[in-house]
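>>> Coordinates for the following, if possible.
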Amino acid sequence: MSEKEIKRLKRLKKRKLLEILSEQARRIEALETELCDARRRLEDNRVLALNAGSIAEAALRVNGVFDAADSAARQYIDNIKLCSERCDKMIADTKYRCLETEKRMREKVFLLKAELDRLQTEMNV
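All right, here's what the predicted structure looks like:
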């Protein structure tokens, strides 16, 4: 993932991130459907292979289905890995920003308490 893509992801709102995840879910569902269709075609090819005149002819027909199923499965796995990496990066960035914000807020509280103590001391004198 390029630095530009990482910066772009950091600026995305939760709604946009959910849209990306939703889009990935739809894509995964489409790939699962495609895989199911490929399996159905494989079964159809098995029937054709039984009826084929030669083993070589049947192997050529079945090979295309296996290639399509393998390609769909690899694409599915790659998409899941990419989504996982993006989510891990976003979580790490969010944790870091939260810790930085907490640190700044603690410093502000400390300064405000010190100012309050100073004002109370002045009022008591």
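
>>> Which parts of the protein are strands?
In the chain, no strands are found when defined by DSSP state E.

>>> Run through the chain and note the low-pLDDT ranges.
1, 12, 48-58, 60-61, 125 (pLDDT under 70).

>>> Kindly recompute the last result at 80.
Within the chain, the stretches with pLDDT under 80 are 1-2, 4-17, 45-65, 125.

>>> Nearest spatial neighbour of the most centrally placed residue in it, chain-adjacent residues omitted?
In the chain, the centroid-proximal residue (C-alpha atoms, centre = their mean) is residue 83; its distance is 1.5 Å. Nearest residue to residue 83, sequence neighbours excluded (C-beta to C-beta, 6 or more residues apart in numbering): residue 24, at 5.2 Å. For every residue, glycine as well, the C-beta is placed using N, CA and C.

>>> Count the residues that sit near that neighbour.
By other C-beta atoms under 10 Å, the residues close to residue 24 number 15.

>>> Equivalent analysis for the one 4 residues further on, please.
For residue 28, the count of nearby residues is 15 (other C-beta under 10 Å).

>>> and it, how far is that from residue 37?
Residue 28 sits 15 Å away from residue 37, taking C-beta to C-beta, to the nearest Å as the criterion.

>>> Ok, residue 4 next?
The gap separating residue 4 from residue 37 is 36 Å, by C-beta to C-beta.

>>> neighbour-wise, which of those two wins?
Counted by other C-beta under 10 Å, residue 4 and residue 37 do not tie: residue 37 has more neighbours, with 14 against 8.

>>> need the helices for this protein, in chain order.
3-11, 14-51, 55-124 (DSSP state H).

>>> What residues of the shortest one count as buried?
Spelled out, it's helix 3-11. Applying a neighbour-count criterion of 16 or more other C-beta atoms under 10 Å, one finds residue 9 buried in helix 3-11.

>>> what sits up against it?
Residues from elsewhere that reach helix 3-11 (C-beta atoms under 8 Å, 6 or more residues apart in numbering): 17, 86, 89-90, 93.

>>> Can I get that helix in PDB? Just the C-alpha atoms.
The C-alpha trace of helix 3-11 is given here as PDB (Å, rounded to 0.1, in the frame of the first residue of the first chain):
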ATOM      1  CA  GLU A   3       2.000   6.200   1.400                       C
ATOM      2  CA  LYS A   4      -0.600   8.200  -0.600                       C
ATOM      3  CA  GLU A   5      -3.200   5.500   0.000                       C
ATOM      4  CA  ILE A   6      -2.300   5.300   3.700                       C
ATOM      5  CA  LYS A   7      -2.700   9.100   4.100                       C
ATOM      6  CA  ARG A   8      -6.000   9.000   2.200                       C
ATOM      7  CA  LEU A   9      -7.300   6.200   4.500                       C
ATOM      8  CA  LYS A  10      -6.300   8.200   7.600                       C
ATOM      9  CA  ARG A  11      -8.600  11.100   6.400                       C
END
